[in-house]
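>>> quick check, what structure comes out for this input:
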Amino acid sequence: IDGRKNKYPFPVIYLGLKRLFPNANEVKFNTTNSKLSNSDKKFFINEIKNIMVVNSDNNDVERVITQNKNYLGIKTDKYAAAGNSAGQDNLGQILTAILSFKNLYEDGGILLIDELEATLFPAAQINLIKRLYNYAKAYNLQIIFTTHSLEIIEYLFNTKYPDVKFNFLELSNNKVVNNKEVTFDYIKHKIRVEARQNTKKENVK
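Purely as a prediction, here's the structure:
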C-alpha cells in the first residue's frame with residue numbers, strides 16, 4: 001500500500017507444498033513446447049544440471065501442465081519431463097518462478113517457498129541456496145522460505161551473508177514466538193528435539 005493508502009501491483013509468487021504432488025498421481029498430465037528463448041533455455045538447463053550435479057547431453061525444456069501444476073521440466077536424451085525425479089520437478093518449479101521474475105518484472109518482487117529443501121539431497125540444497133542468493137541480487141528479489149534442513153541452516157550461519165535474516169518460529173506458552181536472536185546450536189537441538197548438553201566441566205575431586 002502506498003502513502004495514500006492505495007493498493008498497487010507488486011509481483012508475488014508463492015510455491016506451496018502443492019508443488020510436491022506426485023506426477024504419477026495426476027489425473028491430467030500434458031507437455032508442450034516451452035517456447036523459451038535460447039538464452040532462457042540454456043539458463044534453465046545449466047541451472048538444473050549444476051544444482052542437481054548431473055551430466056547429460058541433448059537436453060531440452062518442456063512445459064508441463066497438470067491438474068495441480070504448470071511449470072518447466074527438463075527433457076534429456078533418455079527421458080522426457082514426465083520422467084523427471086521429484087527433485088527435478090521441485091527445482092523446475094522454482095526455476096520457472098525465477099524466469100518469470102527475470103523476464104516479466106523489472107521492479108523485483110517476492111518469492112515465497114514452503115519447505116525449500118523437500119525432495120532435494122544435501123548437495124543440491126546448498127547449490128540451490130547459493131543460486132537463490134545470486135538470483136535475489138540480480139533480479140531485485142526478496143526470497144522467503146521455510147526449511148527444516150540443518151544443512152541449509154548451518155551453511156547460512158557459516159557463510160554470514162550480510163542481508164540474510166533468520167526467523168526461528170517456536171511454540172512457547174501455547175503461542176508462536178519469532179526468535180530472531182538464535183544460534184545454530186540452539187536451532188539444531190530444537191529440530192532434533194534433544195536437550196542441549198552442559199559443556200561446563202565438572203570439578204574433579
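
>>> contacting residues around stretch 64-73?
18-19, 21, 23, 26-32, 34, 36, 44, 61-63, 80-82, 84, 88-89, 92-93, 95-96, 99 (C-beta atoms under 8 Å, 6 or more residues apart in numbering). In this view, the C-beta of every residue, glycine as well, is placed from N, C-alpha and C.

>>> buried stuff in it?
64, 66, 69, 71-73 (16 or more other C-beta atoms under 10 Å).

>>> please enumerate the helices of the chain.
38-52, 86-104, 122-139, 150-159, 184-191 (DSSP state H).

>>> and those as CSV, adding mean neighbour count, distance to residue 167 and mean pLDDT?
Compiled in CSV, those are given as follows (neighbours: other C-beta atoms under 10 Å; distance: least, C-beta to C-beta, whole Å; pLDDT from 0 to 100):
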stretch, mean neighbour count, distance to residue 167, mean pLDDT
helix 38-52, 17, 25, 95
helix 86-104, 20, 20, 94
helix 122-139, 17, 16, 96
helix 150-159, 16, 12, 97
helix 184-191, 15, 11, 93
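
>>> redo those helices as JSON lines? Include distance to residue 113.
Shown next, in JSON lines, are the helices of the chain (distance: least, C-beta to C-beta, whole Å):
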{"stretch": "helix 38-52", "distance to residue 113": "14"}
{"stretch": "helix 86-104", "distance to residue 113": "7"}
{"stretch": "helix 122-139", "distance to residue 113": "9"}
{"stretch": "helix 150-159", "distance to residue 113": "12"}
{"stretch": "helix 184-191", "distance to residue 113": "18"}
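
>>> from the buried residues of stretch 64-73, pick the one nearest residue 9.
Closest approach between the buried residues of stretch 64-73 and residue 9, by C-beta to C-beta: residue 71, at 22.6 Å.

>>> residue contacts, the residue most central in space within the chain?
Residue closest to the average C-alpha location in the chain (C-alpha atoms, centre = their mean): residue 116, at 3.9 Å. Residues in contact with residue 116 (C-beta under 8 Å, 6+ apart) are 125, 128, 145-147, 149, 152.

>>> for residue 13, give its distance to residue 143.
Remark: distance between residue 13 and residue 143 (C-beta to C-beta, to the nearest Å) = 10 Å.

>>> same question for residue 37.
Where residue 143 is concerned, residue 37 sits at a distance of 24 Å (C-beta to C-beta).

>>> how about residue 27?
32 Å.

>>> neighbour-wise, which of the two wins?
Ranked by neighbour count (other C-beta atoms under 10 Å), residue 27 and residue 143 place residue 143 first, with 21 against 7.

>>> which non-adjacent residue is nearest that one?
residue 111 (4.7 Å; C-beta to C-beta, 6 or more residues apart in numbering).

>>> pretty sure the one you found sits against residue 144.
Yes - in this structure, residue 111 is within contact of residue 144 by C-beta atoms under 8 Å, at 7.3 Å.
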